[in-house]
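Asks: build me a structure from this.
(chains A, B, C and D)
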There are 2 protein chains.
Amino acid sequence: MTIQRRRERERAERERLIVTAARRLAEAEGWESVTTRRLAAEIEYSQPVLYSHFRGKRAIMAAVAVQGCAELAAELRAARTAAGSPRRALAAVGEAYTAFARRRPALYDAIFTHPVDLPFATPEAPGALHEAFGELVRTVEPVADQGDEPGLLTETYWAGLHGLVTLMRGGRLPEPAHERRLALLTSHFAPPDRD
Amino acid sequence: MTIQRRRERERAERERLIVTAARRLAEAEGWESVTTRRLAAEIEYSQPVLYSHFRGKRAIMAAVAVQGCAELAAELRAARTAAGSPRRALAAVGEAYTAFARRRPALYDAIFTHPVDLPFATPEAPGALHEAFGELVRTVEPVADQGDEPGLLTETYWAGLHGLVTLMRGGRLPEPAHERRLALLTSHFAPPDRD
DNA sequence: GAACGGATTCTATCAGTGCTAGAAAAGCTG
DNA sequence: CAGCTTTTCTAGCACTGATAGAATCCGTTC
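Replies: Numbers count the residues shown, from 1 in each chain, chains lettered A, B, ... in the order given. Model (predicted):
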């Protein structure tokens, strides 16, 4: 029995190793450099070992995505709770969101752009996803107009953030004006405080 | 001399053939099915011929993107000019944009999401790109507040549309509520007409 | 009409990808 | 120590984008 336990522990340990290595490689050189061979070399096992842990490369990316999403949620929460007013919270969360995307592009892509087999807008979605979206909802809800559904409004604001980030990263929007575009987006979802 | 001409004409003809085939294949089966071999078979030439026309696969995608962008521009223009008021024009263009993205996902991806070597926010960008963005500017400008820079505001609204479309296509947003999210986005950039 | 020469297009191949079958090794049990 | 199960590895598949060098075509000249 205790031997079984040890093996399970070692397996779990190695699985974490895989996810960590994948993430590090992706953040350092981009997902196109995360090949199964590279990854196997990195963890000092042979290639097929990966497939005894994950169904395929996408599943590994999904695991990294969930990990990253938890961090994103934490950063959003920190930004939201530190802000002094609903309107400022919206601005702060927008900043935090886009800053995360720019600081950790590979992580962001795994979560939000790469085709990855994760359930999203369903109850079966991983907790980290619910948490991150929940943070957005808690931020948007206070600035919602009467009659607006908070969930839908959140999705719409989120889409704005996501669009800004991805268009910028794809070279479709120039980086320098990012802050001003973000401010425009925020001010159209919550008029500025007057003080 | 006239022989030279004919050969150039044939070359140009074949280049169009390549772009057309790439586009058809992408629209029918997605870009992951557009391999150089498939494409070569489709045009009934050998693989290396592609490289005598384009530097690589990305360049082919870029050519398709430019073609698609011209169509998008035309559809946006039609939507804008048919609308009765600035506010309605914004809604109509938003509809047209997202409808295009959903109807021609492969085309949309080539233009706006795939990493493709096209200059974007610079004067050297292809005319079709300027045209499409120009349509957006002409739509957003009339609903801009005093003091807002139309270009930046357009980019921000555009980001909203792009975010809605890409999150939906990636399975991150449920499709059914699309119209309502789009309406929310539009109404936050231009308050509804009262009539 | 036939041989030449230059451009064009092909075959064959490279290095790399995700993934897997079956051989080899390792480790627990009697 | 022998036998068996589980784990891990080697080797390979079918594919990718891209390219070098041989073969072919085609207009020109003798």
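Asks: grab the nearest non-local neighbour of the residue in chain A that DNA strand D sits nearest to.
Replies: The nearest approach of chain A to DNA strand D comes at A:Ser46, 3.4 Å away (Cβ to the nearest atom of the strand). All C-beta atoms are positioned from the backbone trio N, CA, C, and that covers glycine. With Cβ to Cβ, 6 or more residues apart in numbering or on different chains as the criterion, A:Ser46 has its nearest non-adjacent residue at 5.8 Å, and that residue is A:Ala40.
Asks: what's the neighbour count on A:Leu50?
Replies: As a burial measure, A:Leu50 scores 23 neighbours (other Cβ atoms under 10 Å in any protein chain shown).
Asks: so how far is chain B from it?
Replies: Between A:Leu50 and chain B the computed distance is 21 Å (Cβ to the nearest Cβ, to the nearest Å).
Asks: residues from chain A in reach of DNA strand C?
Replies: Where chain A comes near DNA strand C, counting by Cβ under 7 Å from any atom of the strand, the residues are A:3, A:34-38, A:47-48, A:51, A:56-58.
Asks: filter those to the buried ones?
Replies: Buried subset of the residues of chain A next to DNA strand C (neighbour count, 16 or more other Cβ atoms under 10 Å in any protein chain shown): A:34, A:36, A:57-58.
Asks: how is chain A carved up into domains?
Replies: Split into domains by automatic domain parsing, chain A comes to A:1-53, A:61-189.
Asks: what's the mean pLDDT across the shortest one?
Replies: Put plainly, it is domain A:1-53. Averaged over domain A:1-53, pLDDT sits at 92.
Asks: just how off-centre is that domain within its chain?
Replies: 21 Å (Cα atoms, centre = their mean, to the nearest Å).
Asks: ok, the longest one next?
Replies: For domain A:61-189, the distance from its own C-alpha centre to the chain's C-alpha centre is 8 Å (Cα atoms, centre = their mean).
Asks: right, is that domain up against chain B?
Replies: Yes: judged by Cβ under 8 Å from any Cβ of the partner chain, domain A:61-189 and chain B are in contact via A:112-113, A:115, A:120-121, A:148-149, A:152-153, A:155-156, A:158-164, A:166-167, A:170-174, A:177, A:180-181, A:184-185, A:188-189.
Asks: sec struct for the residue of chain A closest to DNA strand D, please.
Replies: Here A:Ser46 is recorded as coil under DSSP: H, G, I helix; E, B strand; the rest coil.
Asks: from A:Thr36, how far out is it?
Replies: Distance of A:Ser46 to A:Thr36, computed by Cβ to Cβ, to the nearest Å: 10 Å.
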